[in-house]
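Novice: Here's a sequence, model it:
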Amino acid sequence: MAQKKGIDGEVDVGNTLLDAYAKSGYVGLYSCTKEKNVRSWTTLNAGYEMHGRAREALEVCYKMIIAGVRPNYLILVSVLAACSMLVWHKRAGICFNAMKDEFNVQSAGKYSCMVNLLGQAGFAAMLIT
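Specialist: Predicted coordinates for the structure are as follows:
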């Protein structure tokens, strides 16, 4: 019955375990999962971000793209949030443009992340003009 509904039991169970461990702070267990899908990568990214490990969250996105998995809206906004944590406004700008140009993401979430980041980086005047 699970196959009829499009549920991949092994990957979904792995993602559920990954999510539970990530919420507890054990995000390094990702390498134990054999098969990975976009949910796996997104869960790992969110786990790192949740625990303030922004550099690792960015690495996840890069590894995901190298593995040939197209990032979804959630992981791209998460990357902007990670850049915001690190106050990396230049890298965030590159990601922001890629969201629109390469991944066709049109969302208000990306704008709020950029406003937050630019404000933290001392570019508040740029936001007003």
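Novice: wait, what's in contact with the residue minimising distance to the centre of the chain?
Specialist: The chain has Ile75 as the residue nearest its centroid, 2.7 Å off, counting by CA atoms, centre = their mean. Counting by CB atoms under 8 Å, 6 or more residues apart in numbering, Ile75 touches Val38, Trp41, Thr42, Asn45, Val60, Cys61, Met64. Where C-beta positions appear, they are placed from N, C-alpha and C, glycine not excepted.
Novice: Checking it next. Helix, strand or coil?
Specialist: helix (DSSP: H, G, I helix; E, B strand; the rest coil).
Novice: Val105 too?
Specialist: Under three-state DSSP, Val105 comes out as coil.
Novice: Give me the buried positions along stretch 56-65.
Specialist: Within stretch 56-65, the residues that count as buried by 16 or more other CB atoms under 10 Å are Glu56, Ala57, Leu58, Val60, Cys61, Met64, Ile65.
Novice: which residue packs closest to the fourth one, ignoring adjacent ones?
Specialist: Distances taken as CB to CB, 6 or more residues apart in numbering place Asn45 nearest to Val60, at 4.4 Å, with adjacent residues excluded.
Novice: Asn72 and Arg39, how far apart?
Specialist: 9 Å (CB to CB, to the nearest Å).
Novice: Those two: which has the busier surroundings?
Specialist: Arg39 (19 against 16; other CB atoms under 10 Å).
Novice: follow-up on the earlier one: quickly name whichever of the contacts of Ile75 is closest to Thr16.
Specialist: Thr42 (13.2 Å; CB to CB).
Novice: you'd agree the closest one is up against Arg70?
Specialist: No - checked against CB atoms under 8 Å, the pair Thr42 and Arg70 is beyond contact range at 11.6 Å.
Novice: Overlap in contacts, these two.
Specialist: Joint contacts of Thr42 and Arg70 (CB under 8 Å, 6+ apart) do not exist.
Novice: Dump the buried residues of stretch 56-65 to TSV, plus distance to Gly109, pLDDT and secondary structure.
Specialist: Formatted as TSV, the buried residues of stretch 56-65 follow (distance: CB to CB, whole Å; pLDDT from 0 to 100; DSSP: H, G, I helix; E, B strand; the rest coil):
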residue	distance to Gly109	pLDDT	secondary structure
Glu56	21	87	helix
Ala57	16	85	helix
Leu58	17	87	helix
Val60	18	85	helix
Cys61	15	85	helix
Met64	18	87	helix
Ile65	19	87	helix
